[in-house]
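# Sequence and predicted structure, then a few things I'm wondering about:
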There are 2 protein chains.
Amino acid sequence: MHAPTSSRISLLSHSVQPSLPDAFDPAPLQPVSFFPAGAEIYAQGEKAGAFYQVEFGAVRIYRLLADGRRQISTFHLAGETFGFEADATHHFFAEAINATAVGVLRLTTGADMSRQLLPLALKGLTRAQEHLLVLGRQNAIERVAAFLVDMAERQGGLRQVELPMSRMDIGDYLGLTIETVSRVFTRLKDKGVIRLLNLRSIEIVKQDVLQTMGE
Amino acid sequence: MHAPTSSRISLLSHSVQPSLPDAFDPAPLQPVSFFPAGAEIYAQGEKAGAFYQVEFGAVRIYRLLADGRRQISTFHLAGETFGFEADATHHFFAEAINATAVGVLRLTTGADMSRQLLPLALKGLTRAQEHLLVLGRQNAIERVAAFLVDMAERQGGLRQVELPMSRMDIGDYLGLTIETVSRVFTRLKDKGVIRLLNLRSIEIVKQDVLQTMGE
DNA sequence: CGCCTGATTGAACAGGTTCAAAACCAGTGG
DNA sequence: CCACTGGTTTTGAACCTGTTCAATCAGGCG
(Lines give C-alpha, C1' and ligand atoms only; values in the text may rest on other atoms or scores of the structure.)
Protein backbone atom coordinates (compact mmCIF):
# COMPACT_ATOMS: atom_id res chain seq x y z
CA MET A 1 0.00 0.00 0.00
CA HIS A 2 1.22 3.47 -0.91
CA ALA A 3 1.56 6.09 1.76
CA PRO A 4 -0.15 9.39 1.04
CA THR A 5 2.12 12.42 0.84
CA SER A 6 0.72 13.62 4.13
CA SER A 7 0.01 10.82 6.55
CA ARG A 8 -3.53 9.62 6.37
CA ILE A 9 -3.51 8.18 9.85
CA SER A 10 -2.43 11.36 11.53
CA LEU A 11 -5.15 13.27 9.73
CA LEU A 12 -7.85 10.79 10.60
CA SER A 13 -6.89 10.77 14.23
CA HIS A 14 -6.70 14.56 14.24
CA SER A 15 -8.01 15.45 17.66
CA VAL A 16 -9.26 18.93 16.83
CA GLN A 17 -12.67 18.65 15.21
CA PRO A 18 -13.22 21.43 12.64
CA SER A 19 -16.68 22.93 12.46
CA LEU A 20 -18.86 20.80 10.24
CA PRO A 21 -19.04 22.22 6.73
CA ASP A 22 -22.00 21.58 4.47
CA ALA A 23 -21.45 18.36 2.57
CA PHE A 24 -22.37 20.22 -0.61
CA ASP A 25 -20.12 23.16 0.09
CA PRO A 26 -17.83 23.48 -2.93
CA ALA A 27 -15.12 25.06 -0.78
CA PRO A 28 -12.33 22.72 0.38
CA LEU A 29 -12.97 20.67 3.49
CA GLN A 30 -10.39 20.47 6.22
CA PRO A 31 -8.17 18.57 6.73
CA VAL A 32 -7.02 17.72 3.22
CA SER A 33 -5.01 14.63 2.40
CA PHE A 34 -2.87 14.06 -0.71
CA PHE A 35 -2.40 10.79 -2.56
CA PRO A 36 -0.11 10.04 -5.50
CA ALA A 37 -1.35 8.03 -8.50
CA GLY A 38 -2.28 4.50 -7.46
CA ALA A 39 -2.24 5.19 -3.73
CA GLU A 40 -4.80 3.43 -1.57
CA ILE A 41 -7.19 5.70 0.30
CA TYR A 42 -8.84 2.86 2.15
CA ALA A 43 -9.09 -0.90 1.80
CA GLN A 44 -11.92 -3.41 2.00
CA GLY A 45 -12.19 -4.69 5.56
CA GLU A 46 -10.69 -1.56 7.11
CA LYS A 47 -12.59 0.27 9.77
CA ALA A 48 -14.70 3.04 8.26
CA GLY A 49 -15.58 6.23 10.08
CA ALA A 50 -14.72 9.09 7.80
CA PHE A 51 -15.91 10.30 4.49
CA TYR A 52 -14.16 12.11 1.73
CA GLN A 53 -14.63 14.81 -0.85
CA VAL A 54 -12.40 14.96 -3.91
CA GLU A 55 -10.65 18.34 -4.16
CA PHE A 56 -8.75 17.54 -7.35
CA GLY A 57 -7.81 14.35 -9.13
CA ALA A 58 -9.96 11.24 -9.39
CA VAL A 59 -10.75 8.18 -7.30
CA ARG A 60 -11.81 4.64 -8.18
CA ILE A 61 -13.99 2.51 -5.89
CA TYR A 62 -13.73 -1.22 -6.54
CA ARG A 63 -14.06 -4.77 -5.36
CA LEU A 64 -11.97 -7.83 -6.14
CA LEU A 65 -12.69 -11.49 -6.65
CA ALA A 66 -10.35 -14.07 -5.14
CA ASP A 67 -8.58 -14.59 -8.48
CA GLY A 68 -7.95 -10.90 -8.99
CA ARG A 69 -10.84 -9.97 -11.26
CA ARG A 70 -11.80 -6.41 -10.46
CA GLN A 71 -15.01 -4.46 -10.75
CA ILE A 72 -14.89 -0.71 -10.40
CA SER A 73 -18.28 0.40 -9.15
CA THR A 74 -17.74 4.15 -9.37
CA PHE A 75 -15.31 6.87 -10.29
CA HIS A 76 -15.33 10.01 -8.21
CA LEU A 77 -14.23 13.29 -9.78
CA ALA A 78 -13.51 16.67 -8.22
CA GLY A 79 -16.33 17.83 -5.97
CA GLU A 80 -17.83 14.38 -5.43
CA THR A 81 -18.19 12.71 -2.06
CA PHE A 82 -17.55 9.10 -1.12
CA GLY A 83 -16.62 6.74 1.69
CA PHE A 84 -19.88 6.28 3.62
CA GLU A 85 -20.66 2.68 4.51
CA ALA A 86 -23.58 0.65 5.77
CA ASP A 87 -21.66 -0.47 8.84
CA ALA A 88 -18.35 0.35 10.50
CA THR A 89 -16.36 -1.53 7.86
CA HIS A 90 -15.31 -0.57 4.34
CA HIS A 91 -16.76 -3.01 1.83
CA PHE A 92 -14.69 -1.65 -1.05
CA PHE A 93 -11.27 -0.36 -1.96
CA ALA A 94 -10.70 3.29 -2.77
CA GLU A 95 -7.61 4.38 -4.70
CA ALA A 96 -6.37 7.62 -6.19
CA ILE A 97 -6.26 7.30 -9.98
CA ASN A 98 -3.94 10.27 -10.35
CA ALA A 99 -2.36 12.70 -7.95
CA THR A 100 -5.41 13.47 -5.85
CA ALA A 101 -6.42 15.58 -2.90
CA VAL A 102 -9.36 14.64 -0.74
CA GLY A 103 -11.00 16.50 2.10
CA VAL A 104 -11.43 14.19 5.07
CA LEU A 105 -14.24 14.39 7.59
CA ARG A 106 -14.69 12.18 10.60
CA LEU A 107 -18.24 10.96 10.95
CA THR A 108 -20.31 11.99 13.89
CA THR A 109 -23.60 10.23 14.58
CA GLY A 110 -25.87 13.24 14.62
CA ALA A 111 -29.23 13.62 12.95
CA ASP A 112 -27.78 16.43 10.84
CA MET A 113 -25.28 13.96 9.49
CA SER A 114 -28.08 11.64 8.42
CA ARG A 115 -29.92 14.45 6.74
CA GLN A 116 -26.80 15.44 4.81
CA LEU A 117 -25.76 11.91 3.93
CA LEU A 118 -29.13 10.53 2.90
CA PRO A 119 -29.39 12.43 -0.41
CA LEU A 120 -25.87 11.40 -1.31
CA ALA A 121 -26.57 7.77 -0.45
CA LEU A 122 -29.79 7.80 -2.46
CA LYS A 123 -28.11 9.39 -5.45
CA GLY A 124 -25.36 6.79 -5.25
CA LEU A 125 -27.96 4.05 -5.05
CA THR A 126 -29.74 5.31 -8.16
CA ARG A 127 -26.44 5.59 -10.03
CA ALA A 128 -25.40 2.07 -9.03
CA GLN A 129 -28.75 0.65 -10.12
CA GLU A 130 -28.51 2.45 -13.45
CA HIS A 131 -25.04 1.00 -13.89
CA LEU A 132 -26.53 -2.46 -13.31
CA LEU A 133 -28.62 -1.98 -16.45
CA VAL A 134 -25.48 -1.15 -18.41
CA LEU A 135 -23.56 -4.18 -17.16
CA GLY A 136 -26.46 -6.58 -17.31
CA ARG A 137 -28.09 -5.69 -20.59
CA GLN A 138 -25.94 -3.52 -22.84
CA ASN A 139 -23.30 -4.57 -25.35
CA ALA A 140 -19.77 -3.21 -25.63
CA ILE A 141 -20.56 -0.22 -27.82
CA GLU A 142 -23.53 0.78 -25.71
CA ARG A 143 -21.49 0.50 -22.52
CA VAL A 144 -18.73 2.75 -23.81
CA ALA A 145 -21.27 5.22 -25.20
CA ALA A 146 -23.08 5.37 -21.84
CA PHE A 147 -19.75 5.87 -20.09
CA LEU A 148 -18.68 8.73 -22.36
CA VAL A 149 -22.06 10.46 -22.09
CA ASP A 150 -21.90 10.18 -18.30
CA MET A 151 -18.36 11.52 -18.15
CA ALA A 152 -19.29 14.41 -20.46
CA GLU A 153 -22.30 15.33 -18.32
CA ARG A 154 -20.23 15.27 -15.16
CA GLN A 155 -17.73 17.61 -16.78
CA GLY A 156 -20.34 20.20 -17.63
CA GLY A 157 -21.59 18.80 -20.91
CA LEU A 158 -18.65 20.04 -22.96
CA ARG A 159 -17.66 18.48 -26.26
CA GLN A 160 -14.20 17.67 -24.98
CA VAL A 161 -14.05 15.03 -22.27
CA GLU A 162 -11.06 14.25 -20.09
CA LEU A 163 -10.62 10.63 -19.09
CA PRO A 164 -8.43 10.62 -15.99
CA MET A 165 -8.31 6.81 -15.96
CA SER A 166 -6.57 4.13 -18.03
CA ARG A 167 -8.23 1.73 -20.50
CA MET A 168 -7.84 -0.94 -17.85
CA ASP A 169 -9.88 1.15 -15.40
CA ILE A 170 -12.53 1.80 -18.04
CA GLY A 171 -12.68 -1.92 -18.81
CA ASP A 172 -13.01 -2.83 -15.16
CA TYR A 173 -15.78 -0.26 -14.80
CA LEU A 174 -17.70 -1.47 -17.85
CA GLY A 175 -17.12 -5.21 -17.42
CA LEU A 176 -15.01 -5.40 -20.57
CA THR A 177 -11.38 -6.13 -21.43
CA ILE A 178 -8.98 -3.35 -22.37
CA GLU A 179 -8.84 -4.76 -25.89
CA THR A 180 -12.58 -4.43 -26.33
CA VAL A 181 -12.57 -0.90 -24.93
CA SER A 182 -9.81 0.02 -27.33
CA ARG A 183 -11.59 -1.55 -30.29
CA VAL A 184 -14.83 0.26 -29.48
CA PHE A 185 -12.99 3.60 -29.25
CA THR A 186 -11.51 2.90 -32.67
CA ARG A 187 -14.92 1.93 -34.02
CA LEU A 188 -16.52 5.13 -32.71
CA LYS A 189 -13.65 7.15 -34.14
CA ASP A 190 -14.01 5.49 -37.58
CA LYS A 191 -17.74 6.21 -37.51
CA GLY A 192 -16.97 9.85 -36.84
CA VAL A 193 -18.83 9.84 -33.53
CA ILE A 194 -15.80 10.83 -31.44
CA ARG A 195 -12.25 12.04 -32.03
CA LEU A 196 -9.31 10.77 -30.01
CA LEU A 197 -7.34 13.91 -29.18
CA ASN A 198 -4.89 11.89 -27.15
CA LEU A 199 -5.05 8.84 -24.93
CA ARG A 200 -6.77 10.62 -22.09
CA SER A 201 -9.04 13.09 -23.85
CA ILE A 202 -11.68 12.61 -26.48
CA GLU A 203 -13.95 14.99 -28.35
CA ILE A 204 -17.60 14.11 -28.83
CA VAL A 205 -18.48 14.95 -32.44
CA LYS A 206 -21.95 13.44 -32.67
CA GLN A 207 -23.48 13.92 -29.23
CA ASP A 208 -26.92 12.73 -30.36
CA VAL A 209 -25.63 9.46 -31.83
CA LEU A 210 -23.62 8.70 -28.70
CA GLN A 211 -26.59 9.56 -26.51
CA THR A 212 -28.88 7.23 -28.44
CA MET A 213 -26.38 4.37 -28.36
CA GLY A 214 -26.03 4.55 -24.61
CA GLU A 215 -29.71 4.15 -23.75
CA MET B 1 -51.17 -1.21 -15.64
CA HIS B 2 -52.87 -3.66 -13.30
CA ALA B 3 -55.06 -2.32 -10.56
CA PRO B 4 -54.32 -3.62 -7.08
CA THR B 5 -57.15 -5.45 -5.35
CA SER B 6 -57.62 -2.48 -3.07
CA SER B 7 -57.07 0.82 -4.81
CA ARG B 8 -53.53 2.09 -4.43
CA ILE B 9 -54.53 5.68 -5.02
CA SER B 10 -57.05 5.79 -2.26
CA LEU B 11 -54.54 4.33 0.15
CA LEU B 12 -51.78 6.72 -0.83
CA SER B 13 -54.01 9.73 -0.57
CA HIS B 14 -55.41 8.49 2.72
CA SER B 15 -55.93 11.67 4.65
CA VAL B 16 -55.60 10.18 8.12
CA GLN B 17 -51.94 9.77 8.86
CA PRO B 18 -51.30 6.72 11.09
CA SER B 19 -48.66 7.12 13.78
CA LEU B 20 -45.27 6.43 12.30
CA PRO B 21 -44.18 2.86 13.01
CA ASP B 22 -40.50 1.94 13.26
CA ALA B 23 -39.22 1.17 9.79
CA PHE B 24 -37.62 -1.95 11.20
CA ASP B 25 -40.71 -3.08 13.04
CA PRO B 26 -41.51 -6.58 11.79
CA ALA B 27 -45.19 -6.06 12.57
CA PRO B 28 -47.42 -5.08 9.63
CA LEU B 29 -47.45 -1.43 8.67
CA GLN B 30 -50.71 0.37 8.02
CA PRO B 31 -52.28 0.78 5.53
CA VAL B 32 -51.63 -2.44 3.64
CA SER B 33 -52.14 -2.76 -0.10
CA PHE B 34 -52.59 -6.00 -2.04
CA PHE B 35 -51.32 -6.73 -5.53
CA PRO B 36 -51.93 -9.79 -7.69
CA ALA B 37 -49.10 -11.46 -9.60
CA GLY B 38 -47.64 -9.11 -12.19
CA ALA B 39 -49.35 -5.98 -10.85
CA GLU B 40 -47.46 -2.71 -10.99
CA ILE B 41 -46.77 -1.07 -7.64
CA TYR B 42 -45.23 2.03 -9.17
CA ALA B 43 -43.75 3.01 -12.51
CA GLN B 44 -40.65 4.87 -13.61
CA GLY B 45 -41.44 8.54 -13.94
CA GLU B 46 -44.27 8.48 -11.43
CA LYS B 47 -44.19 10.83 -8.51
CA ALA B 48 -42.56 9.20 -5.49
CA GLY B 49 -43.48 10.03 -1.93
CA ALA B 50 -44.17 6.80 -0.14
CA PHE B 51 -42.18 3.77 0.76
CA TYR B 52 -43.16 0.19 1.15
CA GLN B 53 -42.52 -2.89 3.25
CA VAL B 54 -43.30 -6.33 1.90
CA GLU B 55 -45.72 -8.18 4.18
CA PHE B 56 -45.88 -11.34 2.09
CA GLY B 57 -45.07 -12.18 -1.49
CA ALA B 58 -42.17 -10.75 -3.48
CA VAL B 59 -41.42 -7.64 -5.52
CA ARG B 60 -39.09 -6.93 -8.45
CA ILE B 61 -37.48 -3.55 -9.05
CA TYR B 62 -36.35 -2.98 -12.62
CA ARG B 63 -35.47 -0.67 -15.45
CA LEU B 64 -36.11 -0.98 -19.18
CA LEU B 65 -34.19 -0.02 -22.29
CA ALA B 66 -36.07 1.50 -25.22
CA ASP B 67 -36.13 -1.85 -27.05
CA GLY B 68 -37.57 -3.72 -24.08
CA ARG B 69 -34.44 -5.22 -22.57
CA ARG B 70 -34.98 -5.38 -18.84
CA GLN B 71 -32.62 -5.34 -15.87
CA ILE B 72 -33.98 -6.28 -12.49
CA SER B 73 -31.83 -4.52 -9.91
CA THR B 74 -33.32 -6.12 -6.80
CA PHE B 75 -35.86 -8.56 -5.50
CA HIS B 76 -37.60 -7.71 -2.25
CA LEU B 77 -38.89 -10.52 -0.05
CA ALA B 78 -41.15 -10.42 3.01
CA GLY B 79 -39.92 -7.96 5.61
CA GLU B 80 -37.81 -5.91 3.21
CA THR B 81 -38.35 -2.21 2.53
CA PHE B 82 -38.19 -0.38 -0.79
CA GLY B 83 -39.41 2.65 -2.71
CA PHE B 84 -37.19 5.48 -1.45
CA GLU B 85 -35.80 7.69 -4.19
CA ALA B 86 -33.15 10.35 -4.63
CA ASP B 87 -35.71 12.91 -5.76
CA ALA B 88 -39.48 13.15 -6.01
CA THR B 89 -39.63 10.82 -9.02
CA HIS B 90 -39.45 7.05 -9.27
CA HIS B 91 -36.47 5.99 -11.37
CA PHE B 92 -37.54 2.36 -11.55
CA PHE B 93 -40.53 0.11 -11.91
CA ALA B 94 -41.81 -1.99 -9.02
CA GLU B 95 -44.04 -5.00 -9.64
CA ALA B 96 -45.49 -7.76 -7.52
CA ILE B 97 -44.01 -11.09 -8.60
CA ASN B 98 -46.75 -13.11 -6.91
CA ALA B 99 -49.78 -12.21 -4.89
CA THR B 100 -48.19 -9.67 -2.59
CA ALA B 101 -49.11 -7.41 0.29
CA VAL B 102 -47.11 -4.28 1.03
CA GLY B 103 -47.36 -1.86 3.89
CA VAL B 104 -47.46 1.70 2.57
CA LEU B 105 -46.05 4.70 4.36
CA ARG B 106 -46.20 8.28 3.19
CA LEU B 107 -42.89 10.05 3.55
CA THR B 108 -42.54 12.95 5.87
CA THR B 109 -39.44 15.12 5.73
CA GLY B 110 -38.36 14.84 9.33
CA ALA B 111 -34.88 14.21 10.66
CA ASP B 112 -36.14 10.97 12.21
CA MET B 113 -37.04 9.83 8.72
CA SER B 114 -33.49 10.46 7.53
CA ARG B 115 -32.05 8.56 10.44
CA GLN B 116 -34.30 5.60 9.70
CA LEU B 117 -33.85 5.66 5.98
CA LEU B 118 -30.08 6.18 5.84
CA PRO B 119 -29.11 2.66 6.99
CA LEU B 120 -31.54 1.15 4.49
CA ALA B 121 -30.20 3.33 1.69
CA LEU B 122 -26.60 2.47 2.59
CA LYS B 123 -27.37 -1.24 2.75
CA GLY B 124 -29.07 -1.02 -0.61
CA LEU B 125 -26.06 0.82 -2.01
CA THR B 126 -23.68 -1.86 -0.80
CA ARG B 127 -25.90 -4.60 -2.22
CA ALA B 128 -26.15 -2.86 -5.58
CA GLN B 129 -22.40 -2.39 -5.76
CA GLU B 130 -21.82 -6.02 -4.91
CA HIS B 131 -24.25 -6.98 -7.65
CA LEU B 132 -22.17 -4.88 -10.06
CA LEU B 133 -19.26 -7.25 -9.44
CA VAL B 134 -21.46 -10.20 -10.31
CA LEU B 135 -22.74 -8.65 -13.54
CA GLY B 136 -19.44 -7.15 -14.58
CA ARG B 137 -17.00 -9.90 -13.80
CA GLN B 138 -18.62 -13.27 -13.13
CA ASN B 139 -19.63 -15.96 -15.62
CA ALA B 140 -22.99 -17.68 -15.83
CA ILE B 141 -22.31 -20.41 -13.27
CA GLU B 142 -20.86 -17.96 -10.78
CA ARG B 143 -23.80 -15.62 -11.20
CA VAL B 144 -26.36 -18.32 -10.52
CA ALA B 145 -24.33 -19.61 -7.58
CA ALA B 146 -24.12 -16.13 -6.08
CA PHE B 147 -27.84 -15.70 -6.57
CA LEU B 148 -28.72 -18.98 -4.88
CA VAL B 149 -26.40 -18.31 -1.95
CA ASP B 150 -27.93 -14.88 -1.51
CA MET B 151 -31.48 -16.23 -1.67
CA ALA B 152 -30.60 -18.95 0.83
CA GLU B 153 -29.10 -16.45 3.27
CA ARG B 154 -32.13 -14.19 3.02
CA GLN B 155 -34.35 -17.16 3.83
CA GLY B 156 -32.51 -17.98 7.02
CA GLY B 157 -29.71 -20.10 5.60
CA LEU B 158 -31.82 -23.23 5.18
CA ARG B 159 -30.91 -25.96 2.71
CA GLN B 160 -34.19 -25.57 0.89
CA VAL B 161 -34.63 -22.33 -1.01
CA GLU B 162 -37.87 -21.01 -2.44
CA LEU B 163 -37.58 -19.06 -5.68
CA PRO B 164 -40.71 -16.93 -5.96
CA MET B 165 -39.73 -15.70 -9.42
CA SER B 166 -39.63 -17.19 -12.92
CA ARG B 167 -36.51 -18.13 -14.91
CA MET B 168 -37.13 -14.98 -16.92
CA ASP B 169 -36.91 -12.87 -13.77
CA ILE B 170 -33.76 -14.66 -12.68
CA GLY B 171 -32.24 -14.10 -16.11
CA ASP B 172 -33.12 -10.42 -16.06
CA TYR B 173 -31.60 -10.12 -12.60
CA LEU B 174 -28.37 -11.89 -13.53
CA GLY B 175 -27.96 -10.45 -17.02
CA LEU B 176 -28.49 -13.84 -18.67
CA THR B 177 -31.11 -15.43 -20.92
CA ILE B 178 -33.62 -17.92 -19.54
CA GLU B 179 -31.95 -20.66 -21.56
CA THR B 180 -28.62 -20.04 -19.89
CA VAL B 181 -30.21 -19.93 -16.44
CA SER B 182 -31.93 -23.23 -17.15
CA ARG B 183 -28.74 -24.85 -18.46
CA VAL B 184 -26.79 -23.74 -15.40
CA PHE B 185 -29.44 -25.17 -13.07
CA THR B 186 -29.18 -28.45 -14.96
CA ARG B 187 -25.40 -28.35 -14.76
CA LEU B 188 -25.46 -27.72 -11.00
CA LYS B 189 -27.97 -30.54 -10.58
CA ASP B 190 -25.83 -32.96 -12.63
CA LYS B 191 -22.82 -32.03 -10.50
CA GLY B 192 -24.83 -32.85 -7.38
CA VAL B 193 -24.52 -29.32 -6.01
CA ILE B 194 -28.25 -28.69 -5.91
CA ARG B 195 -31.47 -30.66 -6.33
CA LEU B 196 -34.46 -29.31 -8.20
CA LEU B 197 -37.40 -30.19 -5.98
CA ASN B 198 -39.78 -28.43 -8.35
CA LEU B 199 -39.62 -25.40 -10.61
CA ARG B 200 -39.76 -22.93 -7.76
CA SER B 201 -37.80 -24.62 -5.02
CA ILE B 202 -34.31 -26.02 -4.93
CA GLU B 203 -32.30 -27.82 -2.28
CA ILE B 204 -28.68 -26.87 -1.74
CA VAL B 205 -26.72 -30.11 -1.36
CA LYS B 206 -23.17 -28.80 -1.40
CA GLN B 207 -23.35 -25.44 0.32
CA ASP B 208 -19.56 -25.02 0.36
CA VAL B 209 -19.16 -25.66 -3.37
CA LEU B 210 -21.91 -23.20 -4.20
CA GLN B 211 -20.44 -20.63 -1.84
CA THR B 212 -17.00 -20.91 -3.44
CA MET B 213 -18.38 -20.67 -6.96
CA GLY B 214 -20.22 -17.46 -6.19
CA GLU B 215 -17.23 -15.44 -4.96
C1' DC C 1 17.87 8.24 -27.32
C1' DG C 2 16.17 4.12 -25.56
C1' DC C 3 13.34 1.85 -22.35
C1' DC C 4 9.07 0.51 -20.23
C1' DT C 5 4.43 0.66 -19.65
C1' DG C 6 0.08 1.21 -21.76
C1' DA C 7 -2.67 1.06 -25.98
C1' DT C 8 -3.84 -0.81 -30.39
C1' DT C 9 -4.45 -4.36 -33.78
C1' DG C 10 -4.84 -9.20 -35.39
C1' DA C 11 -6.40 -14.10 -35.33
C1' DA C 12 -8.25 -18.03 -33.02
C1' DC C 13 -11.28 -19.36 -29.52
C1' DA C 14 -15.18 -19.85 -26.22
C1' DG C 15 -19.11 -18.74 -23.57
C1' DG C 16 -23.50 -17.19 -23.96
C1' DT C 17 -27.15 -15.97 -27.25
C1' DT C 18 -30.47 -16.97 -30.69
C1' DC C 19 -33.67 -19.65 -32.96
C1' DA C 20 -36.28 -23.78 -32.87
C1' DA C 21 -38.43 -27.82 -31.01
C1' DA C 22 -39.70 -30.90 -27.36
C1' DA C 23 -40.99 -31.64 -22.56
C1' DC C 24 -43.14 -30.26 -18.55
C1' DC C 25 -46.43 -28.20 -15.44
C1' DA C 26 -50.55 -25.85 -13.65
C1' DG C 27 -55.00 -24.80 -14.20
C1' DT C 28 -59.62 -25.79 -16.35
C1' DG C 29 -63.37 -28.27 -17.75
C1' DG C 30 -65.49 -32.50 -19.00
C1' DC D 1 -60.21 -38.44 -12.12
C1' DC D 2 -58.36 -37.53 -16.43
C1' DA D 3 -57.62 -35.05 -20.72
C1' DC D 4 -56.91 -30.72 -22.79
C1' DT D 5 -54.61 -26.34 -23.19
C1' DG D 6 -51.50 -22.39 -22.69
C1' DG D 7 -47.53 -20.92 -20.90
C1' DT D 8 -43.06 -21.90 -18.97
C1' DT D 9 -38.95 -24.56 -18.88
C1' DT D 10 -35.66 -27.56 -20.84
C1' DT D 11 -32.82 -29.21 -24.49
C1' DG D 12 -30.44 -28.92 -29.03
C1' DA D 13 -27.62 -26.76 -32.77
C1' DA D 14 -25.78 -22.84 -35.15
C1' DC D 15 -24.11 -18.48 -34.56
C1' DC D 16 -21.92 -14.20 -32.79
C1' DT D 17 -19.89 -11.04 -29.63
C1' DG D 18 -16.34 -10.38 -26.70
C1' DT D 19 -12.21 -12.84 -24.78
C1' DT D 20 -7.69 -14.65 -25.03
C1' DC D 21 -3.23 -14.85 -26.62
C1' DA D 22 0.22 -12.64 -29.21
C1' DA D 23 2.56 -9.11 -31.70
C1' DT D 24 3.13 -4.34 -32.92
C1' DC D 25 2.74 0.48 -31.94
C1' DA D 26 2.83 4.84 -29.24
C1' DG D 27 4.21 7.86 -25.71
C1' DG D 28 6.20 9.52 -21.47
C1' DC D 29 10.35 9.72 -18.72
C1' DG D 30 14.87 8.56 -17.26
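On my side now, so go ahead. All figures in this text were calculated on a predicted structure; none of them were measured in a lab.
# which helix is the longest one in chain A?
The residue-count maximum for a helix in chain A (DSSP state H) belongs to helix A:111-137.
# ok, A:Phe84 to chain B distance?
Plainly put, A:Phe84 is 6 Å away from chain B if you go by CB to the nearest CB, to the nearest Å. Using the backbone N, CA and C atoms, a C-beta is placed for each residue, glycine as well.
# for A:Thr126, same thing?
In this structure, A:Thr126 and chain B are separated by 5 Å, where distance is defined by CB to the nearest CB.
# burial of the nearest residue to that residue once chain neighbours are set aside, as a residue count?
Leaving aside its chain neighbours, A:Thr126 sits nearest to B:Ala86 (4.8 Å; criterion: CB to CB, 6 or more residues apart in numbering or on different chains). With neighbours defined by other CB atoms under 10 Å in any protein chain shown, the count for B:Ala86 comes to 18.
# Verify the stated contact: B:Ala86 with A:Ala128.
No. Under the criterion of CB atoms under 8 Å, B:Ala86 is not in contact with A:Ala128, lying 11.2 Å apart.
# is any part of stretch A:167-186 close to chain B?
Yes. Among the residues of stretch A:167-186, A:Asp172, A:Tyr173, A:Leu174, A:Gly175 lie within reach of chain B under CB under 8 Å from any CB of the partner chain.
# Got the confidence number for the third one?
Residue-level confidence at A:Leu174 comes out at 98, pLDDT.
# can I assume the residue nearest to A:Thr126 sits in a strand?
No. According to DSSP: H, G, I helix; E, B strand; the rest coil, the state of B:Ala86 is coil, so it is not within a strand.
# Now it. Its backbone dihedrals?
Recorded main-chain torsions at B:Ala86 are phi -70, psi -30, according to degrees, to the nearest 10.
# contacting residues for it?
Applying CB atoms under 8 Å, 6 or more residues apart in numbering or on different chains, we find B:Ala86 in contact with A:Pro119, A:Leu122, A:Lys123, A:Leu125, A:Thr126.
# can you pull up the bridge partners for the residue most central in space within chain A?
Among the residues of chain A, A:Phe75 comes closest to the average C-alpha position under CA atoms, centre = their mean, at 1.4 Å. When bridges are taken as DSSP bridges, the partners of A:Phe75 come out as A:Arg60.
# For A:Leu174, which non-adjacent residue is closest in space?
Per CB to CB, 6+ apart, closest to A:Leu174 is A:Arg143, 4.3 Å.
# hang on, the one you found packs against A:Val134?
Yes. The criterion here is CB under 8 Å, and A:Arg143 meets it with A:Val134 at 5.5 Å.
# Which members of the residues of stretch A:167-186 next to chain B occur in helices, if any?
Secondary structure of the residues of stretch A:167-186 next to chain B is defined by DSSP H; positions in helices are A:Asp172, A:Tyr173, A:Leu174.
# Most neighbours of all those residues, which one?
Most neighbours among these, by other CB under 10 Å: A:Tyr173, with 26 neighbours.
# Let me see the contact set for it.
If a contact means CB under 8 Å, 6+ apart, then A:Tyr173 has A:Arg60, A:Gln71, A:Ile72, A:Ser73, A:Phe75, A:Phe147, A:Met165, B:Gly136 as its contacts.
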